[in-house]
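S.K.: Whatever this is, show me its structure:
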Amino acid sequence: MSRIIVFLASLMLVSCTTGGHKTAASVVLPDPSLLRCGAGAHSRLWKDSAIAKDAIFPKQLTVDLENECIPALTAVYDKGVPTSEIRSAIDANYGKWAFSATSAAPSNLWLWRIEPEKFAISLTVDDDGTKKIHYLAFQKNAKVFKDWTDALTGGPK
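M.R.: Numbers count the residues shown, from 1 in each chain. All right, here's what the predicted structure looks like:
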């Protein structure tokens, strides 16, 4: 219970200290190591350990919980944060795993499949300009990712 309280307090502190979008700042990504099971696995929220003063934090972080596992999380970035900055932050860490079918996908959808770390990332832009990064841990059956990708891209059924 105390870990949950610390986790929620951390989220509240981060949300209270973030301001509006500033140009030429680095985008802060959630730490994909959150996609794990076990009571002590959820202590670190952000991918980078050294975060710049003018860094762009998500305005909301949604975590899916299943027993002691976090199988998915979503980071929501403000409308004013350029999509190119978010894509650059993801590509800096995971560019070589960009999904090749992304070029055929709608212009508001980008995908990465990080096989070695067993998770996928999608970046979507809502009609109102809000940007969302979805992290999804691989399940035991790889078909789940294929179905998810096909659903997002309108691919084979």
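S.K.: for this protein, which spans come out with low pLDDT?
M.R.: 1-24, 36-44, 48-50, 100-106, 140-148, 156-157 (pLDDT under 70).
S.K.: what are the ranges of the strands in it?
M.R.: Shown for the chain, the strands assigned by DSSP state E span residues 60-66, 69-77, 109-114, 119-125, 131-137.
S.K.: Now the fourth one - C-alpha only, CSV.
M.R.: Same thing as strand 119-125. The C-alpha coordinates for strand 119-125 follow below in CSV (Å, rounded to 0.1, in the frame of the first residue of the first chain):
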residue,chain,number,x,y,z
PHE,A,119,7.2,-4.1,-25.7
ALA,A,120,5.6,-1.9,-28.4
ILE,A,121,5.0,1.8,-28.7
SER,A,122,2.4,3.7,-30.7
LEU,A,123,2.2,7.4,-31.1
THR,A,124,-1.2,8.8,-32.0
VAL,A,125,-2.4,12.3,-32.6
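S.K.: So which residues of this protein form helices?
M.R.: 2-17, 83-94, 143-153 (DSSP state H).
S.K.: Of all the residues in the second one, which ones are buried?
M.R.: Judged by neighbour count using 16 or more other C-beta atoms under 10 Å, the buried positions of helix 83-94 are 83, 85-87, 89-90, 94. Yep, even glycine has a C-beta here, placed from its N, CA and C like the rest.
S.K.: mind giving me a markdown table with the residues you listed and columns for distance to Ser122?
M.R.: Formatted as a markdown table, the buried residues of helix 83-94 follow (distance: C-beta to C-beta, whole Å):
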| residue | distance to Ser122 |
| --- | --- |
| Thr83 | 13 |
| Glu85 | 17 |
| Ile86 | 12 |
| Arg87 | 12 |
| Ala89 | 14 |
| Ile90 | 10 |
| Tyr94 | 12 |
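S.K.: out of those residues, who's nearest Pro71?
M.R.: The closest of the buried residues of helix 83-94 to Pro71 turns out to be Tyr94 (C-beta to C-beta; 18.4 Å).
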